[in-house]
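Participant: Quick one, fold the following:
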Amino acid sequence: MTTDRPPVWRHEYKHWITPQEDWVLTRRLERLFEADRHAGPGGVYRVNSLYFDTPADTALRQKLDGVDRREKFRLRYYGQDTGFLRLEKKSKQNGLCQKQSARLSEEEVRLLLAGQIDFLLHSGRPLLVELYSKMRAGLRPRTVVCYDRQAFVYRPGNVRITLDRALRRGNGLADFLDPEALACTVAPGGTILEVKYDAFLPDLVRMAVQVPGRRAGAWSKYAACRKWE
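Facilitator: Model prediction:
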């Protein structure tokens, strides 16, 4: 299937929490919510991403400066399965987030990483054509990011709760399609809690994800990995 996914605007907030807070929160979430059906044994799976940026680091600077209206492109696959790759464009506006995605083959990703991008234009798929245009204007693959994710879902409100652990980056773009190469730990001992939902956040979720003394922040895995380059 090669159909681009239609975008949906959603709320999203993030916390950075300690290992102790993570342990308590995870036990609570396991009792209350359904685990992500894509998770493997133990409920955890790995997320591998390759983020794009301009030579002037536009995406990074906009994130650090808190620009309200911004976007970023990334390639992504899960676990060891490079046969299921997606291009994703994540946009943010007025506090809401939107994600568009489109499937790519491993061969297409290898072409892209080699700078052979004409296939994006000839695909006729809007998201790929947009990436082609922006790469022609200077956008380039920039940083490989990897982490282990445990996710929960709650259907009322279309809520998704994720705990991202063991954040690390690759040492070069060649690492992206080699999962065993992603070994550089960036934020040892910490977990990023993310909560995403549509129009409303059910009270059950709101109470379940509360961590005393923590406030939602603009935590960025991409920015954290760039800091340690």
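Participant: so after the longest helix that the chain contains, what's the next helix or strand?
Facilitator: Across the chain, the longest stretch assigned as helix under DSSP state H is helix 19-32. Using DSSP states H and E, the helix or strand that directly follows helix 19-32 along the chain is strand 34-35.
Participant: circling back: go through the longest helix of the chain and flag the buried ones.
Facilitator: For helix 19-32, burial by neighbour count (16 or more other CB atoms under 10 Å) applies to 21-22, 25-26, 29. Glycine gets a C-beta too; all of them are placed from N, C-alpha and C.
Participant: which one of those residues sits closest to Ala35?
Facilitator: Set against Ala35, the nearest of the buried residues of helix 19-32 by CB to CB is Leu29 (8.9 Å).
Participant: Who are the contact partners of that closest one?
Facilitator: The neighbourhood of Leu29, defined by CB atoms under 8 Å, 6 or more residues apart in numbering, consists of 152, 161, 163, 208-209.
Participant: Check it and give its pLDDT.
Facilitator: Confidence per residue is given as pLDDT, and for Leu29 that number is 97.
Participant: Against Gln100, how distant is it?
Facilitator: Separation of Leu29 from Gln100 (CB to CB, to the nearest Å): 28 Å.
Participant: How about Arg69?
Facilitator: Shown here: Arg69 relative to Gln100, a distance of 16 Å by CB to CB.
Participant: Settle it for me: which of those two has more neighbours?
Facilitator: When Arg69 is set against Gln100 and neighbours are counted by other CB atoms under 10 Å, the residue ahead is Gln100, at 19 against 9.
Participant: mean confidence for the helix or strand containing the more buried one?
Facilitator: Using DSSP H and E, Gln100 maps to strand 96-104. Here the mean pLDDT over strand 96-104 is 95, rounded to a whole number.
Participant: Please find the angle between the direction vectors of the next helix or strand after it and strand 96-104.
Facilitator: Tracing the chain C-terminally past strand 96-104 and defining elements by DSSP H and E, one meets helix 106-113 next. The directions of helix 106-113 and strand 96-104 differ by 110 degrees, with axes from the mean of the first three to the mean of the last three CA atoms, to 10 degrees as the criterion.
Participant: Give me the contact list for helix 106-113.
Facilitator: Residues from elsewhere that reach helix 106-113, judged by CB under 8 Å, 6+ apart: 75, 82-83, 85, 104, 117, 119-120, 141, 173-174, 176-177.
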